[in-house]
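Engineer: for reference, the sequence and a predicted model appear below.
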2 protein chains.
Amino acid sequence: MSESLIGYRGEALKLLREANVEVGDVVRITKGGLVYEGLLMPRSMYEDERHIVIKLASGYNIGVRITPEIHVEKVREGVKPSFTLPPRPEQKPGSPKVALVSTGGTIASRVDYRTGAVRAALSAEELYSIVPELAEVANIDAEALFSVYSENLTPKHWTAMAERAAYHIKGGAAGVVVAHGTDTMGYTAAALSFALQNLPVPVILVGAQRSSDRPSSDAALNLLEAVRAAAFGPFAEVVVAMHASASDDSIVFHRGTKVRKCHTSRRDTFRSINSPPLAKMEHGKIAMLIEDYRKRDPSGELMLKPNFEEKVALVKFHPGASPKLVKWLVEDGYKGIVLEGTGLGHVGDYWFSAVKEAVENGVLVAMTSQCIWGRVNMKVYDQGRDLLAMGVIPLDDMLPETALVKTMWALGQTKDQKEVRNLLKANIAYEYSPRTLYE
Amino acid sequence: MSESLIGYRGEALKLLREANVEVGDVVRITKGGLVYEGLLMPRSMYEDERHIVIKLASGYNIGVRITPEIHVEKVREGVKPSFTLPPRPEQKPGSPKVALVSTGGTIASRVDYRTGAVRAALSAEELYSIVPELAEVANIDAEALFSVYSENLTPKHWTAMAERAAYHIKGGAAGVVVAHGTDTMGYTAAALSFALQNLPVPVILVGAQRSSDRPSSDAALNLLEAVRAAAFGPFAEVVVAMHASASDDSIVFHRGTKVRKCHTSRRDTFRSINSPPLAKMEHGKIAMLIEDYRKRDPSGELMLKPNFEEKVALVKFHPGASPKLVKWLVEDGYKGIVLEGTGLGHVGDYWFSAVKEAVENGVLVAMTSQCIWGRVNMKVYDQGRDLLAMGVIPLDDMLPETALVKTMWALGQTKDQKEVRNLLKANIAYEYSPRTLYE
C-alpha cells in the first residue's frame, strides 16, 4: 500500500497514481457532467476499491464512485495529514469486554475524522483516541465486518451480523455494539431480534445522523452510551441506541422490533412505535422504561437462528394500485407478501382475486397498516373479514418493516406453512405489544 | 322498493325475500364457514346491491357481501324500526349554502343510526335530525355521489369528486364538504388539492373514526365543524377536518397535501406532516395556524383539472427488495414510479441499473422518503448523486402519498415530459414546505 495514498487499492489506487495525487492534495473529479473538488481523504484497508473520497469545501466528505467516464486531476498540493495517534489511554483493570462490529454508515465512516482519516473500520486505538471516555467504560474488541451504506445491506448481511454477534457473545463479550448506517438500521435491528434468541447480553445497534466532523455530531455520545449499555445495561435484548431528543443530553434504547426511522435528518429520528422505548440513559445512568423485559444473564445459552428467505416482498397498497403486482410476485416464486394496507388492514376489493390466488398458490400473505401507529383489526368491516377468510394473516400492531423481516425469518426456519404461521403469530421478541400499552 | 326491506335491491332483496325476513328481524347469515347473527338493518337507495347489513350484539354494524355460497335465515322477528324524522329545524334566514357530497365511509354510513337506519347517503333532513345545530350554521345541499369503503376508491373517483365539487362551487356554494372514509382520505385530499385550482371557497373532507352509534363517536362534531368551516372559514383550500386530540373539544384542519392517517383507530389519527395544521376550530371559532394561506374569495374563478394517469406506482424500497419490480412496471407500460426510499432518499445500489433503465425508457422516476418526516436530500451521499445523475427527481419534503397523487395528476395534464417535471417541481398546493417551518 502506498503511504501517500493510504487505504486506496485496485482501480482507485491506479486512477489516483495516474493523476499523480496524494492524500491531502486538492483534486478535481469530473464524472457524468458533474465536477467535485476537494481534499483527497485517506481510506481504510477495509473499504471497497470503487470509491474516491474527498472533503468538499462545505465540510462534507463524499465518496465518488469510480465509473468508466471518471476523470481525476490534481488542482494543487495540500498539507499531508499525520496519522500519529495519541497513546492509548490507561484501561481500568477488570473492565468488561465489549465487541464492536462495524458495518458502515455515518458513525463508522467519519467518527475518526479528527485524526485526519476517513475510515469505515474502527480500530480500538482509533476509538479511544476520539472518545477517550470509552477506555474508562470497557475494553473494546473492534471488528470491521463490512463497510457499506446501509441501503445496500440485504438479508445476507443480516445473517453475517448475527453470526458475528453470536461469535463475540460465545467468546464472553459483556455485550455487542453494531455500528450501522441509520437508513435501514430498523430493519437490521428487527432481523437480529429474531436471529439472536435467548440472548444472555445486550446487542446494541448504534448510528449517527451527523458525522463527527460537524459540530452538531451525535456520533461520540451515541457510541459512548451504546458501549456503556453493552457493558452494564440490565437488559439482554437487541436495541437501537440513538439520541432521545434534538439536545445532547440523553440516549434512548428502542426495542429492535418496535423501532423506526421517522425523520430524514433529526438526531432523534428513531422512534419506538406502539410502545415506549425500552430504556433511557442520562449522565451515564440507565433507567428502564418498560417493566417486562429480558434480563441480562451471562449464563444463558444463546440460540442462533440466522437464516432469512429473501423471496418476501413488502407491498404498500394505494388507490389505483394494480393487483398485477401481486400476480407478478406469485409468478416469480415469492414465498411471502406482507401487505401495508390502509387503516385497520384493508386493500381495495379489486385486489381480492389476486390475493386469493396468491394464498391458493401457497404464498403466505400477511397484513399490516400503513398508518404505522395502531393495530390492524380485520373483523370490523366485511372487506377485512373477506380477506381473513381467504387466509390473510393479520399482524396486529407489528410494524410493517418488522413484519417483512419476521416473515423472511419465519420462512427461513421451516418449509411447513403451518409452522410458519405459528411463528408469525407467536410473540418472539416483543414484536407484539399488549393492547394496554398505548390505548 | 319493499317497505319492509327498505333500501335493498337486486340480489340482496331476492335473498332476503326468500328467507322471509324484514328489517328489524334477527337473522343468521352463513358464509364461507363463518356465521353472523344480528338485527337486519335497512339500507339506502344509494347503496350497492351486494351487501346485507346487520347489527351484531356487539353494537357493530357489518355488511356481509353476497357470494354464491351465502345462506340467510330468520332467527326471530324483531321490533320494526320507525323512520319518522323529526320536523326540519327552522333555518336561519340568509344562511350560507354548503354542499355536502357523500362518498361513503364510517361518517356517512352510520351517522344517522339514531334514526334506526344505516344509510350511506345523507339527506339534508336526516342530517338536521341528527345534528340539529347544523341548521343554525348553514343551508345544506346534500348529494350522495357514491357509497364505497374508501379503500375501494380509485383515481376515477377522485375525478368525479372534483367535478361535483366544481359543480357546487360554480353553483354558488359557500363551501363544499366531502364525507369520506378515513382509510384513503389523505390520498383524496391531495388529489382534490391538485384538481381544484384557484379555489374561491373551502373544500373540506370529513370522516369519522367511530360510528355515531358508539358513545365515543367523533362523527357529529367533525361534521358540524366541517360545515361551519365550509360556510365561514377564511381559507380557500382543500383540507381534512378531524379531531385535534383524543378529547372532544377541538377540530383541526389539515392541508390536503400535507396530511396523513397515522393511527389505525385514534380519533386524532390525521396529522399534518412537515407543517403545522392550517387552522383549528374551538367552540365554533376558527384560528389560523399558518400565515401564508389562500384566502376565501368567492369572486375568484375555479380552475378544474380533474384528470389523473393511473399508470403510476408508489414503490417502497426495503432491504432485499428485488429490482425486478421496477422492470415489471416498465414492461407493463407504467408512466411514473414514485420511490419511497430510505433516509435522505436512497435505494440499494443493486437497484441502480433497473432505475436507470426505467428513466431511459421514458418512465418518470421520483424520490420520497419512507421516514415520512423530513426531506430528501440526494446530494449528501454519492449514491444519491448517482440517482440524481440518472434523472431521478427528488421531491423534497413532499409526502410519499401526495407525491404519488401529484405524479398521477401531472401525467394527466400533459404528455410533455419536461412539462411534467416542471409541474412536479412547482409548489402548486403547498405540497412543499419552506425549510424554516420545521427545522
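Structural biologist: It's in.

Engineer: which secondary structure elements does the longest helix along chain A sit against?
Structural biologist: In terms of residue count, the longest helix belonging to chain A (DSSP state H) is helix A:155-170. Judged by 3 or more C-beta pairs under 8 Å, 6 or more residues apart in numbering or on different chains; DSSP states H and E, helix A:155-170 is in contact with strand A:97-102, strand A:139-144, strand A:175-179, helix A:185-195, strand A:196-197, strand A:303-304. (Each C-beta comes from the backbone N, C-alpha and C, glycine too.)

Engineer: centre of the chain to that helix, how far?
Structural biologist: In terms of C-alpha atoms, centre = their mean, to the nearest Å, the centre of helix A:155-170 is found 13 Å from the chain centre.

Engineer: repeat for stretch A:378-393
Structural biologist: Put simply, stretch A:378-393 sits 33 Å off its chain's centre (C-alpha atoms, centre = their mean).

Engineer: next: stretch A:350-364.
Structural biologist: So, by C-alpha atoms, centre = their mean, the centroid of stretch A:350-364 is 32 Å from its chain's centroid.

Engineer: contacts for stretch A:33-40, please.
Structural biologist: Contact partners of stretch A:33-40, identified using C-beta atoms under 8 Å, 6 or more residues apart in numbering or on different chains, comprise A:16, A:21-30, A:52-57, A:62, A:64, A:75, A:78, B:385, B:389.

Engineer: just the pLDDT for the residue nearest the centre of chain A.
Structural biologist: Geometric centre of chain A, nearest residue: A:Met185, 2.1 Å, by C-alpha atoms, centre = their mean. pLDDT, A:Met185: 97.

Engineer: before we move on, what about A:Asp382?
Structural biologist: Turning to A:Asp382, the model gives it a pLDDT of 80.

Engineer: what's the answer for the one 4 residues further on, then?
Structural biologist: With respect to pLDDT, A:Asp386 scores 89.

Engineer: and A:Ile107, by the same measure?
Structural biologist: On the pLDDT scale, A:Ile107 is placed at 66.

Engineer: now do A:Glu3
Structural biologist: Here the pLDDT value assigned to A:Glu3 is 53.

Engineer: spell out which parts of the stretch 1-150 of chain A neighbour chain B.
Structural biologist: With C-beta under 8 Å from any C-beta of the partner chain as the criterion, the stretch 1-150 of chain A meets chain B at residues A:32-34, A:51, A:60, A:62-65, A:149-150.

Engineer: one more: the stretch 201-350 of chain A?
Structural biologist: Close to chain B, as judged by C-beta under 8 Å from any C-beta, the stretch 201-350 of chain A has residues A:261-266, A:269, A:308, A:310, A:312-322, A:324-325, A:328, A:332, A:340-350.

Engineer: these two touch, right, A:Val365 and A:Leu395?
Structural biologist: No: look at A:Val365 against A:Leu395 with C-beta atoms under 8 Å: they stay out of range, at 10.8 Å.

Engineer: where does chain A have its least confident helix or strand?
Structural biologist: helix A:106-110 (a mean of 58; mean pLDDT, DSSP states H and E).

Engineer: quick revisit: ok, the residue nearest to the centre of chain A to chain B distance?
Structural biologist: 10 Å (C-beta to the nearest C-beta, to the nearest Å).

Engineer: ranges for the strands of the stretch 251-400 of chain A?
Structural biologist: Along the stretch 251-400 of chain A, the segments classed as strands by DSSP state E, counting those that start in this stretch run A:259-261, A:270-272, A:279-282, A:285-288, A:303-304, A:312-316, A:336-341, A:364-369, A:393-394.

Engineer: from the chain's centroid, how far away is the first one?
Structural biologist: Relative to the centre of its chain, strand A:259-261 is centred 10 Å away, using C-alpha atoms, centre = their mean.

Engineer: related to what we said a few turns ago, OK, contacts around the residue nearest to the centre of chain A?
Structural biologist: Residues in contact with A:Met185 (C-beta under 8 Å, 6+ apart) are A:105, A:150, A:205, A:207, A:240, A:259, A:261, A:270.

Engineer: which ones are touching the first one?
Structural biologist: To tie it back to what came earlier, the one meant is A:Gly105. By C-beta under 8 Å, 6+ apart, A:Gly105 lies in contact with A:149-150, A:179-183, A:185, A:207-208.

Engineer: looking at the helices and strands packed on helix A:155-170, which is nearest to B:Met161?
Structural biologist: Shortest distance between B:Met161 and these, using C-beta to C-beta, is found for helix A:185-195: 36.1 Å.

Engineer: per-domain residue ranges of chain A.
Structural biologist: Domain segmentation of chain A under automatic domain parsing yields A:3-76, A:97-304, A:312-436.

Engineer: give me the number of residues near A:Val26?
Structural biologist: 17 (other C-beta atoms under 10 Å in any protein chain shown).

Engineer: my read: it touches A:Gly78, true?
Structural biologist: Yes: look at A:Val26 against A:Gly78 with C-beta under 8 Å: they come within range, at 5.5 Å.

Engineer: most proximal residue of the stretch 151-300 of chain A with respect to chain B?
Structural biologist: For the stretch 151-300 of chain A, the residue closest to chain B is A:Thr264, as judged by C-beta to the nearest C-beta, at 2.9 Å.

Engineer: that residue and B:Gly374 touch, don't they?
Structural biologist: Yes: in this structure, A:Thr264 is within contact of B:Gly374 by C-beta under 8 Å, at 2.9 Å.

Engineer: so which of these two has more stuff around it?
Structural biologist: Taking neighbours as other C-beta under 10 Å, A:Thr264 and B:Gly374 compare with A:Thr264 leading, 27 against 23.

Engineer: OK, contacts around that one?
Structural biologist: By C-beta under 8 Å, 6+ apart, the contact list for A:Thr264 reads B:343-345, B:369, B:371, B:373-377.

Engineer: got the contact list for A:Leu224?
Structural biologist: A:131, A:133-134, A:137.

Engineer: per-residue pLDDT, it?
Structural biologist: The model reports A:Leu224 with a pLDDT of 92.

Engineer: alright, calling it a day.
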